[in-house]
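Enquirer: quick one, fold the following:
(chains A and B)
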Amino acid sequence: MNAPSICGLYIHLPFCKQKCNYCDFVSYAGKEELIDEYVDSLIAELQTLRTTFDTQLATIFFGGGTPTLLKPLHFEKILNAIRAKYNENWAAVAEISVEANPGTVNTKNLRTLRKLGINRISLGAQTFNNHHLKTLGRIHNAKQIRQAMEAARIAGFNNINLDLIFALPGQTLDEWKADLKQALALKPEHLSLYNLQIEEGTKFQVQRAKLPPLPTNETEAQMYAYAMKTLKAAGYHHYEISNFAKSGFECQHNITYWKNGNYLGVGAAASSHVSGNRFDNPRTIEEYLKWVKADGVKEKSEYLSRKNQPNQGETIFMGLRLLAGLEKEKFAGCEEAIKELTALGLLKQPSRRIKLTRKGLFLANEVFRRFV
Amino acid sequence: MLKLSHVMSENSIQQIRNFSIIAHIDHGKSTLADRLLEFTGTISKREMKDQVLDTMDLERERGITIKAQAIRMEYKGYTLNLIDTPGHVDFSYEVSRSLAACEGALLLVDASQGIEAQTLANYNLALNHHLKIIPIINKIDLPGADVQRAKEELMHTLGFAENEILLASAKEGLGIAEILEAVIERVPPPAGEAAKPLQALIFDSHFDIFRGVIVYIRIVNGALRKGDQIIFLGTGKEFEALEIGTLNLDLIPRDSLSTGEVGYLIANIKNIADAHVGDTLTTLKNGSTTPLPGYKKIKPMVYCGFYPINGEEYELLKEALEKLQLNDAALFFEPETSTALGFGFRCGFLGLLHLEITQQRLTREFNLGLIATTPNVIYQINLANKKTMMIDNPTKFPDFSQIESIAEPYFKVSIFTPAEYVGAIMTLATEKRGIYVNTEYIDQQRAMITYEMPLSEVIIEFHDLLKSVSRGYASMDYEPIGYRVSDLVRLDIVINHEPVDALSFIVHRDRAHYFGKKMCERLVEEIPMQMFTIPIQAAIGGKIIARETIKAKRKDVLSKCYGGDVTRKKKLLEKQKEGKKKMKLIGKVEIPQEAFLAVLRINQ
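Expert: Residues are numbered from 1 along each chain as shown, chains lettered A, B, ... in the order given. So this is what the prediction gives:
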């Protein structure tokens, strides 16, 4: 069987101590008693998928939720299953990431994770301002971010990302500058900077009228511009709209997404993309457990094995997120749009690749909308 | 032989009762109609979708009966024709024609609300048609019901005797038998003469795509037979009565309809304008030469422009308007051109509700992307050269230097309110240029305030504001009282240095600055940020009186987008893209539909 090659594996761990006010991800608080059964289902799903996808994985990403709510033993079981079924040669896996909440880690559990082969950690710092952390509904404080960072270093992690969110309710430009300063002081290898978006169905959306006012569009732009300037000066490479890294520390797993490549996702609500086929697992934990039991994974394998081409619009709007842009050939048939967007100063084509201009980075949706 | 048939119809006419239900909006008219149909076995409970008589979705949604219909019930040997009436003041002419087809009316009053503005208006209308009025207090089962107070209002305000008043809960099916008994006992049988030439009143009509116009008629005198050659006296159009019959749940064909009966006529009529509501139908041979009284051609009171967002949909819009007109003789439209919006139609309506309903139907039923421009009334322009012109569109105003004066339609507005809101309502009416006439207290708690107001002020958010200052308790009714000269100017709106004619409107000179400023502020909120700065100005005769600026959009980017987000984010982008398509490009500015009605929400 000529199976498509899979680059990345995403494992969704939808457990949280409490739901953050801005979060619209699939995650649930107070369902920890389901973790054991859930991990068994993940392994079952991985094993079934393996019968169709005979491939070596290049990257693995544990996302959440709060993955670090699981015990190291759970990680061990999952990783052992992958090792047994997919990768005879563990060294071929270049990157194994785990997301972590600063309130849930310590040197001991991080050291165990590191020993299991996890080599990249992404800390959801969000902000160093305790007042804003509270507004966001985070369970940690600024001190815990520093402690988590220190613990990760001691545990042997030399590839650490910090997530920050800007344009928080009531946040000033100066507060954002302070956040960046404190983040840089911790010398992470990688930084993800997200402009807060109030998503539907979140507590923030419901309480919107009661929240302090959000920064204006103008201030958001200033915050982003300031971050670009500051991070560049600090030696970070701006490689994706929201992502910055020291050279060589770009997140390989995420780059697969932006290149619209092949990846498998396992667990509740996890998305897979193989040969142009997209598949989303059942959203809730309970539905997911039932689905695995009912042999839903077989259908998923069949669905993902269909011969298809990646969707051009998706390839373009994901690809343009990378500052390196994407090959001109990928835009076949979109010449008119490129001409217009170039005239508007949003796209540029310095070589055989088409990329966002600086203005385009700020107004990327104007570009994306043309291709969907 | 002839004599015998004459006697038969004389007999049966005594068994006919034609009646309407009249009420203020939401007092339970449609529910009562449902119960009557159920109780008389005209329709079984199982068949009963709630409120059978309101067939259009929009009607059900908004709780308003837009088009009247009729239904025949058989009960204890009597034929009871219930003729439904539209429940909104915009359609008062249609109400009056429906009432003209009846001998009696059930006046329905909500036990917790008591008498309201339209209760009075409808009562007066019924009285003018010499109908026997049966007062009913409805919703007596509801917790807020105050039957005694409602009774006293009916007695003191409308002069009913206590023993005339019936109590009911249409929802619970209480008092239905008593109502039917009262209809039989109190409403007189039709008074027409079978021996006279045919006179039939058109009280409604309806376009059916398979059968053409279905005309709803009441035989006032004489009889109509299948195959008769007929003529409409108002329009002079002639047809053959291909099918006639009665209006049961379905149309039931008959060979003839005799004096006093209510039924339908199908005569291969293609255009609803040929069968005007209120017109008189008679036979071509030996017919009547006198039309029944009360017929008038309906004139639109409120005008606005409808433009397709996508210019290519012009023909579709035209077809859609034609289709709506098939069923809506009151809808007027003609092509017009706007510098800003291109080709569209100037449309005339009975009132603002009629406008809104039409706009929603075009959007929903025909899936058209539509821009409606600011509604306006018809202005009478008195020119310096002593000529007079009537103008239905602000952009058609002549140069103001040629104008000696401008007159606008005034309405008598009757506002019915709990006494505690009288002060707030008077303040509002004065702001709206109302001229105070008087206040009458119905009792200690309720008052009727009368104002004379320019229609242009009534149509622009007056009703919403009235509801808001009275916590929803005040109700209103209005009727035209003629044209009066006012000091009016045209306010023009300039967006990104381009005048947008579709946003021009007429306003009193004293309020022009306020409106100009508010309008600019409103547009700043309605028009989304774009990639460049957009100045918005208000001007009178080329002189700028207000200005606001929409700042250039500096940032618009999906911040977080990973493998699990692709589908969702793509949908979001697609939705935004669709949203953009629904905006009108004027110059290089994308303007959403809502902005064109900004003036309607100037104080929100």
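
Enquirer: how much space is there between the residue of chain B found nearest chain A and residue B:573?
Expert: For chain B and chain A, the shortest gap (Cβ to the nearest Cβ) falls at residue B:554, measuring 3.5 Å. C-betas here are computed from N, CA, C, even on glycine. According to Cβ to Cβ, to the nearest Å, residue B:554 and residue B:573 sit 19 Å apart.

Enquirer: ok, now residue B:379?
Expert: Going from residue B:379 to residue B:573 by Cβ to Cβ gives 46 Å.

Enquirer: next, count neighbours for the residue in chain A that chain B sits nearest to.
Expert: Closest residue of chain A to chain B, Cβ to the nearest Cβ: residue A:221 (3.5 Å). By other Cβ atoms under 10 Å in any protein chain shown, 21 other residues sit near residue A:221.

Enquirer: strand partners of the host helix or strand of residue A:9, parallel vs antiparallel please.
Expert: Residue A:9 is part of strand A:8-13 when elements are defined by DSSP states H and E. Using DSSP bridges, the strands paired with strand A:8-13 are strand A:59-64 (parallel), strand A:263-266 (parallel).

Enquirer: tell me how far the first one lies from the chain's centre.
Expert: On the basis of Cα atoms, centre = their mean, to the nearest Å, strand A:59-64 sits 8 Å off its chain's mean C-alpha point.

Enquirer: again with the last one
Expert: Computed by Cα atoms, centre = their mean, the chain-centroid distance of strand A:263-266 equals 13 Å.

Enquirer: what does stretch B:235-249 give?
Expert: The answer for stretch B:235-249 is 26 Å, by Cα atoms, centre = their mean.

Enquirer: with stretch B:291-304 instead?
Expert: 13 Å.

Enquirer: and what of stretch A:98-106?
Expert: Computed by Cα atoms, centre = their mean, the chain-centroid distance of stretch A:98-106 equals 15 Å.

Enquirer: pLDDT weak spots in the chain?
Expert: Using chain A. For chain A, the stretches with pLDDT under 70 are A:1-4, A:88-89.

Enquirer: actually chain B
Expert: By pLDDT under 70, the weakly predicted segments of chain B are B:1-11, B:44-68, B:86-90, B:603-604.

Enquirer: now residue B:478: which helix or strand?
Expert: Residue B:478 belongs to strand B:475-486 when assigned by DSSP H and E.

Enquirer: my read is the residue of chain A closest to chain B is in a helix, agree?
Expert: Yes. Checked against DSSP: H, G, I helix; E, B strand; the rest coil, residue A:221 lies within a helix.

Enquirer: list the contacts of the nearest residue to it once chain neighbours are set aside.
Expert: Spatial nearest neighbour of residue A:221, excluding adjacent residues (Cβ to Cβ, 6 or more residues apart in numbering or on different chains): residue B:554 at 3.5 Å. For residue B:554, the contacting residues are A:217, A:218, A:220, A:221, A:362, by Cβ atoms under 8 Å, 6 or more residues apart in numbering or on different chains.

Enquirer: same question, residue A:353
Expert: Taking Cβ under 8 Å, 6+ apart, we find residue A:353 in contact with A:324, A:325, A:326, A:327, A:328.

Enquirer: present those residues as a markdown table; the columns should include secondary structure.
Expert: Putting the contacts of residue A:353 into a markdown table (three-state DSSP) gives the following:
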| residue | secondary structure |
| --- | --- |
| A:324 | coil |
| A:325 | coil |
| A:326 | strand |
| A:327 | strand |
| A:328 | helix |
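
Enquirer: what's the closest of these to residue B:523?
Expert: residue A:325 (37.6 Å; Cβ to Cβ).

Enquirer: does the closest one touch residue A:354 like I think?
Expert: Yes. Under the criterion of Cβ atoms under 8 Å, residue A:325 makes contact with residue A:354 at 5.1 Å.

Enquirer: of those two, who's got more company?
Expert: Shown here are residue A:325 and residue A:354; by other Cβ under 10 Å, residue A:354 has more neighbours (24 against 21).

Enquirer: get me the contact residues on the stretch 251-372 of chain A for chain B.
Expert: Neighbours of chain B within the stretch 251-372 of chain A, by Cβ under 8 Å from any Cβ of the partner chain: A:254, A:256-257, A:260, A:263, A:265, A:269-271, A:273, A:278, A:280, A:313-314, A:317-318, A:321, A:344, A:361-366, A:368-369, A:372.

Enquirer: helix, strand, or coil at the nearest residue to residue B:566 once chain neighbours are set aside?
Expert: Residue nearest to residue B:566 in three dimensions, not counting chain neighbours: residue A:314, with 5.7 Å by Cβ to Cβ, 6+ apart. Following three-state DSSP, residue A:314 is assigned to helix.

Enquirer: list the contacts for residue A:314?
Expert: Residue A:314 neighbours (Cβ under 8 Å, 6+ apart): A:260, A:372, B:566, B:570.

Enquirer: that one and residue A:260, how far apart?
Expert: Counting by Cβ to Cβ - residue A:314 and residue A:260 are separated by 6 Å.

Enquirer: now for the helix or strand residue A:238 falls within, which elements pack on it?
Expert: Per DSSP H and E, residue A:238 falls inside strand A:237-240. Applying 3 or more Cβ pairs under 8 Å, 6 or more residues apart in numbering or on different chains; DSSP states H and E, one finds that strand A:237-240 contacts helix A:217-233, strand A:243-245.

Enquirer: one step back: filter the residues of the stretch 251-372 of chain A next to chain B down to the buried ones, ChimeraX style.
Expert: Paste this into ChimeraX to select the buried members of those, with burial taken from 16 or more other Cβ atoms under 10 Å in any protein chain shown:
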select /A:254,256,257,260,263,265,269,270,271,273,278,280,313,314,317,318,321,361,362,363,364,365,366,368,369,372
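
Enquirer: now residue B:565: how far from residue B:229?
Expert: Separation of residue B:565 from residue B:229 (Cβ to Cβ): 72 Å.

Enquirer: these two - which one has more neighbours?
Expert: Neighbour totals were compared for residue B:565 and residue B:229, and residue B:565 leads with 16 against 13 (other Cβ under 10 Å).

Enquirer: can I assume the more buried one sits in a helix?
Expert: Yes. Using three-state DSSP, the assignment for residue B:565 is a helix.

Enquirer: and stretch B:505-512, how far out from the chain middle?
Expert: For stretch B:505-512 - counting by Cα atoms, centre = their mean - the centre lies 27 Å from the chain centre.

Enquirer: dump the residue contacts of residue B:167.
Expert: By Cβ under 8 Å, 6+ apart, the neighbours of residue B:167 are B:136, B:137, B:140, B:147, B:174, B:175.

Enquirer: again, only using 10 Å
Expert: By Cβ atoms under 10 Å, 6 or more residues apart in numbering or on different chains, residue B:167 lies in contact with B:111, B:136-141, B:145, B:147, B:150-151, B:174-175, B:178-179.
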